[in-house]
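Visitor: Here is a sequence with its predicted model. Questions after.
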Amino acid sequence: MSHERVDELFQAALSSHLSGRLDDARRGYERTLSINPSHASSVGHLGLIELSTGDVKKAISLIEQSIVLGAPKVDALVNLAYCKNLIGFFDEAIELCRESLAIDNQSDGAWTNLGNAYRMLGKFSDAEFAYRSALGIQPQYPQYLYNLANIYVLVGRYRESVDLLRHSCSIDPSVPETHNALGTSLVRLGDLEEAIRHFSRAIELNGAFAEAFNNRGSAYRDLGRFVEALGDFDRAIYINPSYVQAYSNRGTVFRDLGRLKEAITSHSQAISVGGDSIPEIWGNLGNALIERGERLDGIHAYRQSFSLQERNNKCLGELIIAELMVCDWTYTQLRKNRFASDIENDSIAPPFITLGIFDSLVLQRRAATNYALSTLGIRSNEPFRLHGASRAEQEKIRVGYFSMDFREHPVATLISELIENHDRDKFEIIAFSFGQNTKDLYRKRLEMAFDKFIDLQSKSVIETIEIARGHCLDIALDLGGHTRDARPQIFFERVAPVQINYLGYPGTSGIPNMDYIVADRHLIDSNTTHGYTEAVIYLPDSYQPNDTKKVISGSLMSRGECRLPTEGVVYACFNNNWKITPEVFRSWMKILDNVQKSVLWLYQDNEFSEKNLRIEAKKASIDPDRLVFAKRLPQPIHLARYRLADLFLDTFPYGAHTTASDALWVGTPVLTRRGETFASRVASSLLHTVGLPELVTNTDAEYVQKAIALGKEPLSLSKYRDFLEASVKKSKLYDTAIYTRHLEYAYKQVHLASREGRAPKSFEVAV
């Protein structure tokens, strides 16, 4: 048969191939080869057909054979490089692309496959150069725009990614993957509404696009549109029943809604369908279990997460706190050492954990700073612009309090009377609430106390920033810091000319835009300012506000009703169980060992901590029955039972805050062990303010000796109680009117400094 006939058969086969009729194409190539077994192009194209069926090894063999037979070398090398990328032989793919480009450096296919190989090897700058080269040859080819955009996503250049993907969509708006990728980049930029539009367009183009449903669901969740989010996650799972991330995301929304049982089920499903090797999935399951009170199962989940990714400090921190919650100290020291080492080496770690386990300002500041600089930037759409010049100087100073805890919570119990006492002739006071509306008495009281109460629970961080900026605040106060469900990103992006770290987080925020922290000289002295990134507002008395309107039950409780002995000293500590460290507990056992008939009265957080603490007492040769556990009671009754205690023993390094001021308010003396950190010094601040500085100790040994001495001298304890009964109500610690004036003086000073363009600087509030 003539050469022309062979070419005619090949062209017919090629036409079938290009039309997607692979069986016809295969038969055509094979017929060509039956006539001319050395027809290189037919061999090479048979390799491409094998590639399309998934037989990559056979494809490689045929393409290599076609090169030997003399097929166009550049195209064959590009196809071979593509195959090598598919099976993970990236270095070989790179060499093949270089060989191809040495022949023809205008081969966009060679540049593209070279970029693919570099991308898979994590060499993003090399991949960017290769993709740019391909795009220079074919500047209007959507796939090349898409490839380069993905590299920009990987290196965090989201704005450039968005620009490329928008251009790609303008060239060919019918590609669902491009709309999905554009939506993903827009989410990173905080433009959730436009992201949702592109995810929706991707879904319109491909109704079975599970990833787009999942991504849109995540955007809905960020906007607080939980019902729509659940619908999208359900749809993604329906399309792909093994979609691990969709199950996990659905579980997170259930947790947001407080539907913890469903959250646990969904996270467990994520694990069962293939997420068992993903540490974040186990961590999410642990969060839901812990919140539901299933602490041992939660600890198991955290341990699984940690075993899969031991360099994950978020997981390690959650595990440390979870084990402390149940007073399981088996690995506490080992985990603390690891956590400290990671922070010293500038690993990213959740700052709050450091408050509970380290009395080290250096570690706390480093953890907070690293966390803030590495995780909080969300790139809000518009930069913050100072508005002070546009507002009349005689206008009221507009102050915003931001919190997730405007409910029955220590923060709310402390600030309620302060908010009620603000001078409305000089200040406008606005609440920005992003916690649940619990409809309890404190929530209702605060809704009445603020001039405006803005509920932002269903709003995203970006929306919260936009709303806050829209109110043209002069001063913004963060009452949450790095505590759970707080939104420190708001302050990282800045929502007011002056931003203050106040009350809810006893440590430095590490946020560059956080201007001040409210403290007193007992909390932050001249030797400890190095531990804070903020300038310090020094109040003249204690930094802590209090509520003198809180109700104490008038019913007289007996020791017998609380399962306490009728004789002997009652030492008490109603701090959360996770604050009880092994070192603190050893000190307590020494105290009990030296004060006969004494007991230790503790808050009953959970059955596991009670069991473990009794075991630890027995190890210390102390009768476990000398530990008495107090169940949770309504606040008025709880406050009343404080009076049955002879001495409140503080924890360390995270001491009593609201619990200490509660104890002093009802007349129970507090013994504290002062460290160098804010969290360890709050009770010291309170005791100095009420006039009992002698109950502040500075070492473990001094703390133990003082507790023993007081336990053996009941008369001394009675004198302290008499002193508090006679004077505490008159103390400056509970003079909310004076406290409010002091704080307002500080607000005026920082507002004036801001208007005059002066940088934040520490100062004393004049009495």
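Guide: Thanks, I have the structure now.
Visitor: Show me the strands in the stretch 501-650 of the chain, by range?
Guide: Ranges of strands within the stretch 501-650 of the chain are 516-519, 535-538, 570-573, 599-603, 627-630, 647-649, based on DSSP state E, counting those that start in this stretch.
Visitor: for the stretch 651-767 of the chain, same thing?
Guide: Using DSSP E, counting those that start in this stretch, the strands of the stretch 651-767 of the chain run over residues 670-673, 696-697, 763-764.
Visitor: Determine which stretch of these is the most buried.
Guide: Among the strands of the stretch 651-767 of the chain, strand 670-673 has the highest mean neighbour count (mean count of other CB atoms under 10 Å), at a mean of 27. Where C-beta positions appear, they are placed from N, C-alpha and C, glycine not excepted.
Visitor: And that strand, how far out from the chain middle?
Guide: On the basis of CA atoms, centre = their mean, to the nearest Å, strand 670-673 sits 32 Å off its chain's mean C-alpha point.
Visitor: before we move on, back to that, so which of the strands of the stretch 651-767 of the chain is nearest I171?
Guide: For the strands of the stretch 651-767 of the chain, proximity to I171 was assessed by CB to CB; strand 763-764 is nearest, at 59.0 Å.
Visitor: tell me what that closest one is packed against?
Guide: Judged by 3 or more CB pairs under 8 Å, 6 or more residues apart in numbering; DSSP states H and E, strand 763-764 is in contact with strand 535-538.
Visitor: circling back to that earlier point, let's have the strands of the stretch 651-767 of the chain in CSV, adding mean pLDDT and distance to Y82.
Guide: Formatted as CSV, the strands of the stretch 651-767 of the chain follow (pLDDT from 0 to 100; distance: least, CB to CB, whole Å):
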stretch, mean pLDDT, distance to Y82
strand 670-673, 98, 67
strand 696-697, 98, 72
strand 763-764, 98, 67
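Visitor: Please determine how far S341 is located from S347.
Guide: Noted for S341: a distance of 9 Å to S347, by CB to CB, to the nearest Å.
Visitor: returning to what we had before: can you redo the strands of the stretch 651-767 of the chain as JSON lines with distance to D256?
Guide: Converted to JSON lines, the strands of the stretch 651-767 of the chain look like this (distance: least, CB to CB, whole Å):
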{"stretch": "strand 670-673", "distance to D256": "37"}
{"stretch": "strand 696-697", "distance to D256": "42"}
{"stretch": "strand 763-764", "distance to D256": "41"}
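Visitor: residues in contact with N546?
Guide: By CB atoms under 8 Å, 6 or more residues apart in numbering, N546 lies in contact with L414, E417, S661, W665, L733, Y734, T736, Y739.
Visitor: Mark which of the residues you listed are part of helices, please.
Guide: Judged by DSSP state H, helices contain the following of these: L414, E417, S661, W665, T736, Y739.
Visitor: The second one: neighbour count?
Guide: Applying the criterion other CB atoms under 10 Å, we find 21 residues in the vicinity of E417.
Visitor: what does the last one give?
Guide: A count of nearby residues for Y739, using other CB under 10 Å, gives 23.
Visitor: Outline the domain layout of this structure.
Guide: Annotated domains of the chain cover 388-538, 560-734 [automatic domain parsing].
Visitor: could you dump the strands of the stretch 501-650 of the chain to JSON lines with mean neighbour count?
Guide: Converted to JSON lines, the strands of the stretch 501-650 of the chain look like this (neighbours: other CB atoms under 10 Å):
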{"stretch": "strand 516-519", "mean neighbour count": "25"}
{"stretch": "strand 535-538", "mean neighbour count": "22"}
{"stretch": "strand 570-573", "mean neighbour count": "24"}
{"stretch": "strand 599-603", "mean neighbour count": "22"}
{"stretch": "strand 627-630", "mean neighbour count": "19"}
{"stretch": "strand 647-649", "mean neighbour count": "25"}
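Visitor: which of S341 and S347 has more neighbours?
Guide: Set S341 next to S347 and count neighbours by other CB under 10 Å: S347 wins out with 17 against 10.
Visitor: tell me the SS of the more buried one?
Guide: Assigned with DSSP: H, G, I helix; E, B strand; the rest coil, S347 falls in the coil class.
Visitor: now N150
Guide: Classification of N150 using three-state DSSP returns helix.
Visitor: hang on, it packs against L182?
Guide: No: with contact defined as CB atoms under 8 Å, N150 does not reach L182; the gap is 11.2 Å.
Visitor: And for I343, the neighbour number?
Guide: As a burial measure, I343 scores 26 neighbours (other CB under 10 Å).
Visitor: got a pLDDT number for it?
Guide: Here the pLDDT value assigned to I343 is 94.
Visitor: give me phi/psi at it?
Guide: Main-chain torsions, I343, degrees, to the nearest 10: phi -70, psi -40.
Visitor: List the buried residues of stretch 280-299.
Guide: Neighbour counts over stretch 280-299 (16 or more other CB atoms under 10 Å) mark 280-292, 294-295, 297-299 as buried.
Visitor: Looking at these, which are in helices?
Guide: 280-291, 295, 297-299.
Visitor: Which pair of the residues you listed spans the longest distance?
Guide: It's E280 and R295 that sit farthest apart of these, by CB to CB, at 20.2 Å.
Visitor: How many residues are close by the residue nearest to L503 when sequence neighbours are not counted?
Guide: Residue nearest to L503 in three dimensions, not counting chain neighbours: L479, with 5.6 Å by CB to CB, 6 or more residues apart in numbering. By other CB under 10 Å, the residues close to L479 number 25.
Visitor: I'd assumed H409 was in contact with L479.
Guide: No: counting by CB under 8 Å, L479 does not reach H409; the two are 9.9 Å apart.
Visitor: Helices along the stretch 151-300 of the chain, start to end?
Guide: For the stretch 151-300 of the chain, the helices defined by DSSP state H, counting those that start in this stretch occupy 158-171, 176-188, 192-205, 210-222, 226-239, 244-256, 260-272, 279-291, 295-308.
Visitor: can you redo the strands of the stretch 501-650 of the chain as CSV with distance to S621 and mean pLDDT?
Guide: CSV is the format used below for the strands of the stretch 501-650 of the chain (distance: least, CB to CB, whole Å; pLDDT from 0 to 100):
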stretch, distance to S621, mean pLDDT
strand 516-519, 42, 98
strand 535-538, 46, 98
strand 570-573, 17, 98
strand 599-603, 14, 97
strand 627-630, 13, 97
strand 647-649, 19, 98
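Visitor: Include distance to R255 when you put those into TSV, please.
Guide: Formatted as TSV, the strands of the stretch 501-650 of the chain follow (distance: least, CB to CB, whole Å):
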stretch	distance to R255
strand 516-519	31
strand 535-538	36
strand 570-573	31
strand 599-603	25
strand 627-630	29
strand 647-649	35
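Visitor: out of these, nearest to R259?
Guide: Nearest to R259, of all the strands of the stretch 501-650 of the chain, is strand 599-603, at 27.6 Å by CB to CB.
Visitor: tell me which strands and helices that closest one is in contact with?
Guide: strand 570-573, helix 582-594, strand 627-630.
Visitor: mind redoing it with 6 Å?
Guide: Judged by 3 or more CB pairs under 6 Å, 6 or more residues apart in numbering; DSSP states H and E, strand 599-603 is in contact with strand 570-573, strand 627-630.
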